[in-house]
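Peer 1: Dropping a prediction and its sequence here:
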Amino acid sequence: MRRKVDRAAIETASRELSNWGRWGDDDQIGTLNNVSPADIVAAAGLIRKGKVFSLGLSLKEPIQSGLFGGRWNPIHTMLATGTDAASGAQDEPFPYLRYADDAINMPCQASTQWDALCHIFHGDKMYNGYDARLVDARGAKKLGIEHVRDKMVGRGVLLDIARWKGVASLDDGYAIGNDDLDGCAKAQGVEIRKGDFVIVRTGHQERCLSRKDWTGYAGGDAPGFAFETAYWIKKHDIAAICSDTWGCEVRPNETGDANQPWHWVVIPAIGISMGEIFYLKELAADCAGDKVFEFFFVAPPLHLPGGAGSPINPQAIK
């Protein structure tokens, strides 16, 4: 029987699952401490085919709908083009250097991305007890995304919940529970280990891609993690949790007492890195084909001091 989710449950989970002080009072990387150099060496040994899968969604996909935080879709602007070059417009004042150049304007969490540990507050505190006011208009003075720029590498594991359930996509509002995660891992013959980067496929993103309709994807109803999976995350001591949905946790949320209640616990209390909007179609098909659901995983964020998140193009290598 699943736990009742309300403000009391959030407070209880935050206390029981807290990693504050576990890796020192000055820690700024949270559960990424669970990845050892030996783990990375072992993960490199999972590369057997030399096959690389990009897990970043195209930045041209218009996934943002304005339902949350005023985020907009990435804007790609050409600053110089081949038509400029061919017309001779680039020949003055420096002749013979003809080129293309461009710019991108986007929120850090507009597409496939990592949440930094400064992204979510519980009251006026961040992970490890840092004051939320340490994040101001100039960025985060603690827990910024730059602290994990050399940490996002290790053993990746795909839990293909949708395929295990025999559906193309889980229904909106389907709450993935601990039994689902354990049952899928068992069926796939893969063990969840300390320090793993666990990636969960719901099929939700592929549903939107196939329909060419992103209505509600960003902030609307979606399949996702049940609140109880915060306990699963702590029990398994994984490094990071990722999914193909906009916000990882189930929507509608399991309570009206708090928006995104799972976020309240997993980032500020547990200190886990969270990856959202992962593109998983090709990786999932390959894993289903060769029955190998583990791989070398690498997904460094941008070196953005003080950032609350970062766009990424994760790589799974088999």
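Peer 2: That came through, no problem.
Peer 1: State the number of residues packed around E11.
Peer 2: Residues contacting E11 under the criterion other C-beta atoms under 10 Å number 15. Backbone N, C-alpha and C define where each C-beta goes, glycine included.
Peer 1: Quickly run through the sheet partners of the top strand by length along the chain, with directions.
Peer 2: For the chain, the strand with the greatest residue count under DSSP state E is strand 153-160. Sheet pairing of strand 153-160 (DSSP bridges) gives strand 197-201 (parallel), strand 294-298 (antiparallel).
Peer 1: I'd like the C-alpha coordinates of that strand written as CSV, please.
Peer 2: The C-alpha coordinates for strand 153-160 follow below in CSV (Å, rounded to 0.1, in the frame of the first residue of the first chain):
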residue,chain,number,x,y,z
VAL,A,153,29.9,9.9,-15.8
GLY,A,154,29.5,6.2,-14.8
ARG,A,155,27.3,3.2,-15.3
GLY,A,156,24.0,4.0,-16.9
VAL,A,157,20.9,1.7,-16.5
LEU,A,158,17.8,1.9,-18.6
LEU,A,159,14.5,0.8,-17.0
ASP,A,160,12.1,0.7,-19.9
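Peer 1: mean confidence for the helix or strand following it?
Peer 2: Tracing the chain C-terminally past strand 153-160 and defining elements by DSSP states H and E, one meets helix 161-165 next. For helix 161-165, the mean per-residue pLDDT is 98.
Peer 1: now stretch 188-204
Peer 2: When pLDDT is averaged along stretch 188-204, the result is 98.
Peer 1: For that stretch, buried residues please.
Peer 2: Of the residues in stretch 188-204, 188, 190, 192-193, 195-204 count as buried by neighbour count, 16 or more other C-beta atoms under 10 Å.
Peer 1: So what's the gap between it and the chain middle?
Peer 2: Averaging C-alpha coordinates over stretch 188-204 and over its chain gives two centres that are 13 Å apart (C-alpha atoms, centre = their mean, to the nearest Å).
Peer 1: Also stretch 75-91?
Peer 2: For stretch 75-91, the gap between its own C-alpha mean and the chain's C-alpha mean amounts to 36 Å (C-alpha atoms, centre = their mean).
Peer 1: Output that stretch as CSV, nothing but the C-alphas.
Peer 2: What follows is stretch 75-91, C-alpha atoms only, in CSV (Å, rounded to 0.1, in the frame of the first residue of the first chain):
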residue,chain,number,x,y,z
ILE,A,75,15.6,30.5,-30.3
HIS,A,76,18.3,29.8,-33.0
THR,A,77,19.4,33.0,-34.8
MET,A,78,21.8,33.1,-37.7
LEU,A,79,24.3,36.0,-37.3
ALA,A,80,26.1,35.4,-40.6
THR,A,81,25.2,33.1,-43.5
GLY,A,82,26.3,31.7,-46.8
THR,A,83,24.0,34.1,-48.6
ASP,A,84,25.9,37.0,-46.9
ALA,A,85,29.2,35.4,-48.1
ALA,A,86,28.0,34.9,-51.7
SER,A,87,26.7,38.4,-51.9
GLY,A,88,30.1,39.8,-51.0
ALA,A,89,28.7,41.4,-47.9
GLN,A,90,31.5,39.8,-45.8
ASP,A,91,34.4,41.0,-47.9
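Peer 1: Now it: buried residues?
Peer 2: When neighbours are counted by 16+ other C-beta under 10 Å, the buried residues of stretch 75-91 are found to be D84, Q90.
Peer 1: what's in contact with it?
Peer 2: Stretch 75-91 is contacted from outside by L59, K60, L97, R98, Y99, A100, D101, D102, A103, I104, N105, M106, using C-beta atoms under 8 Å, 6 or more residues apart in numbering.
Peer 1: Quick one, which of these are buried?
Peer 2: For the contacts of stretch 75-91, a burial check counting by 16+ other C-beta under 10 Å picks out L59, M106.
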